[in-house]
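>>> curious how this folds, go ahead:
(2 chains)
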There are 2 protein chains.
Amino acid sequence: MTLVLALPGGEELAARIAAHPGRTLGVLHVHHFPDGEQLVRVDEAVAGRTVVLAGSLDRPDAKLLPLLFAAGLLRELGAARIGLVTPYLPYMRQDARFQPGEAVTSASFAGLLCERLDFLLTVEPHLHRWSSLSDIYSIPAHAVGAATAIAGWLGQAPALPLLVGPDEESEQWVAGVATALGAPHAVLRKTRRGDFDVSIDGAGLRGAPERPAVLLDDLISTGRTLLAAASVLRSAGWAVHDCVCVHALFDGDVAARFAEAGLRVVSCNTVRHPSNAVDVTPAILATLAGAGVA
Amino acid sequence: MTLVLALPGGEELAARIAAHPGRTLGVLHVHHFPDGEQLVRVDEAVAGRTVVLAGSLDRPDAKLLPLLFAAGLLRELGAARIGLVTPYLPYMRQDARFQPGEAVTSASFAGLLCERLDFLLTVEPHLHRWSSLSDIYSIPAHAVGAATAIAGWLGQAPALPLLVGPDEESEQWVAGVATALGAPHAVLRKTRRGDFDVSIDGAGLRGAPERPAVLLDDLISTGRTLLAAASVLRSAGWAVHDCVCVHALFDGDVAARFAEAGLRVVSCNTVRHPSNAVDVTPAILATLAGAGVA
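Now for the predicted structure:
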């Protein structure tokens, strides 16, 4: 029997993974000491078993040590195979030394996980300069697509929208959703000058507005990119009401800014957020079964 | 030239380590992204050099990734030897599986550091069930004693106190300070029932009160142990005004509780805190030189 354990915040995901013949749900106890240290404990027998740790790694600082401690513990206790199902995989955006002397943290972070895990599964990792997870993950690493789930949500609207990606990095991904939906798509061009300073160029738009535009991106953090893109689209005469993303990494102020701009944000349930509306768990479960996890 | 880089919060220590012939101070740039990720950058040439990363690792969650990223980066950039000088080394107290299924995080944490560093230096690590750092650290790991520095501070008082350790774990350590000071010492007995629930037994006290007692411990976190010990001592007729520790891991509420109990807390400058009064940097510098770091 495969044992499924929730990382902090991954309780619902773990329960859904475990609701499958051949799998059982256990508990990873995480204790927080007053001095800021953490301790993990597993009560179930794990020797010889496949163990799946489930939970997103957004805001990774507080989540990393419990994960690494748990993986090390499971190994000591004799687990046969240790996997991580993390709907959001952090640190993928630092995929080059953009300035001399910078760390390439996507690769460093991958190294940390690969030292302790046997396989990994995540949803729509930010693959831009890395062409696949296997460029930096030496363990089997499965990328679950969210395009079908997002197309399913978008398909509920009465009219097919124009799907717009805010920058070249989103092209391949937006094209996938457009294909699944049978809708047209376009991609804008972005210049980034800092964490909070981006500009968008609408040269990628062709044709006259004849349908609503929906903005699509793999993640929203500061929201600057999508807010600028909505502005460009509206200046060109397009109606824009919805922004759809996979990973909702933003908090209060950013959410308020979207609301002020008359934009609804819809996200996948990869990072827990009030905007979660697209369920990617079925896609995770299918990939997990395909990866040979009973 | 050995390059010395401050970890976040370690700026003063790094500057003092670097103020030595053969060493130079550099900058480890740490950038915090809005989504909670961090990035490190080093502008100095590091190829072929010894690099010392300096800073305490109390409240380790936010400090661990910058450290691991920095060490990985320095290795990639060709550093010959990478050392960590961390006045406070966390996770040393989980030195056994106290409950079945618990992680032994002192060993796991050591593994994380040893994978990326070539040597380590820390001040008064909590060695109880581990007899030395080499039990869990596979790299050269130097423990700097604080006894001499503390004895120097205590020696300024007009009368020699009775030095009292609150529990058996502190015995060896309190005896070291007592020897350096030429003062008598005693050790109480502790029963711990939870993070915030301890009781102290004064059976270790012998003789009648004839001098002030000073409580000594290696670290203060919740403060429950020392507050209970002060109470026991006072019930037995001893005057207690001072608690001296190495590592001050406590914040506001705990500090207020000591003040209400009429106790002054004095700590070493291993964890930045208003109570810092004993400078252990000279001892760190001496050990570093003894370890062959130019």
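>>> could you check how far the residue nearest the centre of chain A is from chain B?
For chain A, residue A:88 is the residue whose C-alpha lies nearest the centre (CA atoms, centre = their mean; 3.5 Å). As for residue A:88, its distance to chain B is 10 Å (criterion: CB to the nearest CB, to the nearest Å). From N, CA and C alone the C-beta is placed, and that goes for glycine too.
>>> cool, residue A:176 as well?
Residue A:176 is 23 Å from chain B, by CB to the nearest CB.
>>> tell me who's in contact with that residue.
A:145, A:147 (CB atoms under 8 Å, 6 or more residues apart in numbering or on different chains).
>>> tell me where the stretch 51-200 of chain A has helices.
Assigned by DSSP state H, counting those that start in this stretch, the stretch 51-200 of chain A shows helices spanning A:61-76, A:105-114, A:147-154, A:171-181.
>>> make a markdown table out of the ones you listed and add distance to residue B:56 and mean pLDDT.
Formatted as a markdown table, the helices of the stretch 51-200 of chain A follow (distance: least, CB to CB, whole Å; pLDDT from 0 to 100):
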| stretch | distance to residue B:56 | mean pLDDT |
| --- | --- | --- |
| helix A:61-76 | 16 | 98 |
| helix A:105-114 | 21 | 98 |
| helix A:147-154 | 45 | 96 |
| helix A:171-181 | 42 | 94 |
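>>> export these to JSON lines and tack on distance to residue A:276?
Shown next, in JSON lines, are these (distance: least, CB to CB, whole Å):
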{"stretch": "helix A:61-76", "distance to residue A:276": "18"}
{"stretch": "helix A:105-114", "distance to residue A:276": "24"}
{"stretch": "helix A:147-154", "distance to residue A:276": "11"}
{"stretch": "helix A:171-181", "distance to residue A:276": "17"}
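>>> which one, of those helices, ends up nearest to residue A:140?
For residue A:140, the closest of those is helix A:105-114, at 10.3 Å, according to CB to CB.
>>> that closest one - contacts with which helices or strands?
Using 3 or more CB pairs under 8 Å, 6 or more residues apart in numbering or on different chains; DSSP states H and E, the elements in contact with helix A:105-114 are strand B:38-42, helix B:61-76.
>>> of the helices of the stretch 51-200 of chain A, which is nearest residue A:96?
Nearest of the helices of the stretch 51-200 of chain A (CB to CB): helix A:105-114, 8.7 Å.
>>> now what about the closest one, what contacts it?
Against helix A:105-114 from outside (CB under 8 Å, 6+ apart): A:60, A:64, A:68, A:84, A:90-95, A:120, A:130, A:133, A:136-139, B:37-40, B:65, B:68-69, B:72-73, B:112.
>>> between that helix and helix A:61-76, how many degrees?
30 degrees (axes from the mean of the first three to the mean of the last three CA atoms, to 10 degrees).
>>> quick one: helix A:105-114 to strand B:38-42, angle?
110 degrees.
>>> list the contacts of the residue nearest to the centre of chain A.
So residue A:88 contacts A:56-58, A:122-123, A:247, A:249, A:270-271 (CB under 8 Å, 6+ apart).
>>> grab the nearest non-local neighbour of it.
residue A:56 (4.2 Å; CB to CB, 6 or more residues apart in numbering or on different chains).
>>> how about the residues of the stretch 101-250 of chain A by chain B?
A:101-105, A:108-109, A:111-112, A:115, A:195-196, A:221-222, A:249 (CB under 8 Å from any CB of the partner chain).
>>> just flag the most distant two among the residues you listed.
So, these by CB to CB: farthest apart are A:115 and A:196, at 34.4 Å.
>>> which of the two has more neighbours?
When neighbours are counted by other CB atoms under 10 Å in any protein chain shown, residue A:115 and residue A:196 differ, and residue A:115 comes out ahead with 15 against 11.
>>> dihedrals phi and psi, that one?
The phi and psi values for residue A:115, taken as degrees, to the nearest 10, are phi -60, psi -20.
>>> list only buried entries from the contacts of helix A:105-114.
Applying 16 or more other CB atoms under 10 Å in any protein chain shown to the contacts of helix A:105-114, the neighbour count classes A:60, A:64, A:68, A:84, A:90-95, A:120, A:130, A:133, A:136-137, A:139, B:37-40, B:65, B:68-69, B:72-73, B:112 as buried.
>>> just to revisit the earlier point, any chance of the contacts of residue A:88 in a markdown table, plus neighbour count and pLDDT?
Shown next, in a markdown table, are the contacts of residue A:88 (neighbours: other CB atoms under 10 Å in any protein chain shown; pLDDT from 0 to 100):
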| residue | neighbour count | pLDDT |
| --- | --- | --- |
| A:56 | 25 | 98 |
| A:57 | 22 | 98 |
| A:58 | 24 | 98 |
| A:122 | 24 | 98 |
| A:123 | 28 | 98 |
| A:247 | 27 | 98 |
| A:249 | 24 | 96 |
| A:270 | 30 | 98 |
| A:271 | 26 | 98 |
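>>> so of those, which ones are in strands?
Counting by DSSP state E, the contacts of residue A:88 place A:122-123, A:247 in strands.
>>> gap between the residue of chain A most remote from its centre and residue A:185?
For chain A, the largest distance from the centre (CA atoms, centre = their mean) belongs to residue A:208, which lies 33.1 Å off. Look at residue A:208 and residue A:185: by CB to CB, to the nearest Å, they are 16 Å apart.
>>> now residue A:170
Separation of residue A:170 from residue A:185 (CB to CB) stands at 10 Å.
>>> more neighbours: which of those two?
Counted by other CB under 10 Å, residue A:170 and residue A:185 do not tie: residue A:170 has more neighbours, with 27 against 22.
>>> for the closest residue in space to that one that isn't next to it in sequence, what are its contacts?
Nearest non-adjacent residue to residue A:170, counting by CB to CB, 6+ apart: residue A:217, 5.6 Å away. Residue A:217 makes contacts with A:165-166, A:170, A:225-226, A:243-245, as judged by CB under 8 Å, 6+ apart.
>>> tell me where the model's unsure across chain A.
Residues of chain A meeting the criterion pLDDT under 70: A:204.
>>> could you chop it up by domain?
Structural domains of chain A, as assigned by automatic domain parsing, span the residue ranges A:2-144+A:280-290, A:147-269.
>>> between the two ends of the longest one, how far is it?
The reference is to domain A:2-144+A:280-290. End-to-end span of domain A:2-144+A:280-290 (CA to CA, to the nearest Å): 15 Å.
>>> one more: the shortest one?
Distance between the boundary residues of domain A:147-269 (CA to CA) amounts to 13 Å.
>>> list of residues touching stretch A:139-150?
Residues outside stretch A:139-150 that contact it (CB under 8 Å, 6+ apart): A:113-114, A:117-125, A:127, A:132-134, A:173, A:176-177, A:179-180, A:216, A:244, A:246, A:268, A:270, A:278-280, A:282-284, A:287-288, A:290-291.
>>> which of these are buried, as a ChimeraX select command?
Buried residues among the contacts of stretch A:139-150 (16+ other CB under 10 Å), as a ChimeraX selection:
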select /A:113,114,117,118,119,120,121,122,123,124,125,127,133,173,176,177,180,216,244,246,268,270,278,280,283,284,287,288
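>>> OK, contacts around the residue nearest to residue A:70 when sequence neighbours are not counted?
Of all residues beyond its chain neighbours, the one nearest residue A:70 is residue A:40 (4.8 Å), with distances taken as CB to CB, 6+ apart. Applying CB under 8 Å, 6+ apart to residue A:40 gives the contacts A:28-31, A:66, A:69-70, A:73, B:102-103, B:105.
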